[in-house]
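> quick one, fold the following:
(one chain, ligands or ions: 2)
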Amino acid sequence: TDQNDLALLLRTINFAAQKHSFQRRKDPEKTPYINHPIGVAHILASEGGITDVKVLQAAILHDTVEDTDTTLDEIEEEFGATIRHTVEEVTDKKALSYQERKAHQIARAPLVSERAKLVKLGDKLHNLRDLQRVRPVDWSQERVHQYFIWSGKVIEGLIGTNLPLEEKLRQLLATEDVIL
Ligand code: NDP
Ligand code: ZN
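Ligands and ions are numbered 1, 2, ... in the order given. The predicted model follows:
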């Protein structure tokens, strides 16, 4: 990791922080949304052992196109074609219905690039930990359980990418009786 990588990563974090600045998470505390992409990148580095700056950048940016006015062209202009491609791979198609999006994630998971699979593993681990920490106000316990079941089906398609992350996901899912 050279000096340029650090400056690049900080520029990426700053970009995402601006894009998500008016967005909040679904937890009762309405945590600033940027905590999530930062948390995902931190999980990848500290628990997944990831040092590829492009993966960490994609993690920081992974929800910008899905959740804000950011376009893929803008991502490419700022961060290049590789990051654009990875972000595109982890972005749900807004045109699809809720059920279609959930089914599409399961079907797509095994087909995406190694970098995208890593981002998805970190994303699922952070979201499942968040849900286990505290339930969103309008979510029933049953809805949380269904989310764990669906996440298990997505993660199934990501197996073979990063052993430590997969092991932690396996343990977390098992606490909700979801067996990978
Ligand atoms: P989702 O199931 O997509 O919400 C989960 C997503 O919210 C996560 O994947 C995560 O995505 C994000 N998120 C934000 N904050 C948190 C947090 N604290 N913990 C975990 N994840 C968090 O459903 P939506 O909320 O998008 O709902 C879409 C529609 O589905 C609604 O109209 C709803 O009524 C309907 N629905 C209702 C159900 C019910 O039981 N009432 C069941 C299923 C659907 P990211 O990483 O992208 O931030
Ligand atoms: Zn996410």
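
> only C-alpha atoms from now on, for both contacts and neighbour counts.
Fine.

> in contact with Trp150, which residues?
Lys102 (CA atoms under 8 Å, 6 or more residues apart in numbering).

> can the host helix or strand of it be found next to ligand 1?
Per DSSP states H and E, Trp150 falls inside helix 141-156. Yes: under the criterion of CA under 6 Å from any ligand atom, helix 141-156 makes contact with ligand 1 via Arg143.

> only the buried residues of that helix, if you could.
Of all the residues in helix 141-156, those buried under the rule 16 or more other CA atoms under 10 Å are 144-145, 147-156.

> is the longest helix anywhere in the chain positioned near ligand 1?
Secondary structure of the chain read by DSSP state H shows that its longest helix is helix 114-133. Yes: with CA under 6 Å from any ligand atom as the criterion, ligand 1 is reached by helix 114-133 at 123, 127, 130-131.

> rewinding a little: run the angle between the helix holding Trp150 and helix 114-133 for me.
Relative orientation of helix 141-156 versus helix 114-133 (axes from the mean of the first three to the mean of the last three CA atoms, to 10 degrees): 160 degrees.

> C-alpha coordinates for helix 141-156, PDB please?
Extracted as PDB, the C-alpha positions of helix 141-156 are listed here (Å, rounded to 0.1, in the frame of the first residue of the first chain):
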ATOM      1  CA  GLN A 141     -38.800 -11.000  14.000                       C
ATOM      2  CA  GLU A 142     -40.200 -13.200  11.200                       C
ATOM      3  CA  ARG A 143     -39.100 -10.600   8.600                       C
ATOM      4  CA  VAL A 144     -35.500 -10.700  10.100                       C
ATOM      5  CA  HIS A 145     -35.600 -14.500   9.900                       C
ATOM      6  CA  GLN A 146     -36.700 -14.400   6.300                       C
ATOM      7  CA  TYR A 147     -33.800 -12.000   5.500                       C
ATOM      8  CA  PHE A 148     -31.400 -14.500   7.100                       C
ATOM      9  CA  ILE A 149     -32.800 -17.300   5.000                       C
ATOM     10  CA  TRP A 150     -32.500 -15.200   1.800                       C
ATOM     11  CA  SER A 151     -29.000 -14.100   2.600                       C
ATOM     12  CA  GLY A 152     -28.000 -17.700   3.100                       C
ATOM     13  CA  LYS A 153     -29.100 -18.400  -0.500                       C
ATOM     14  CA  VAL A 154     -27.000 -15.500  -1.800                       C
ATOM     15  CA  ILE A 155     -24.000 -16.500   0.300                       C
ATOM     16  CA  GLU A 156     -24.200 -20.100  -1.000                       C
END
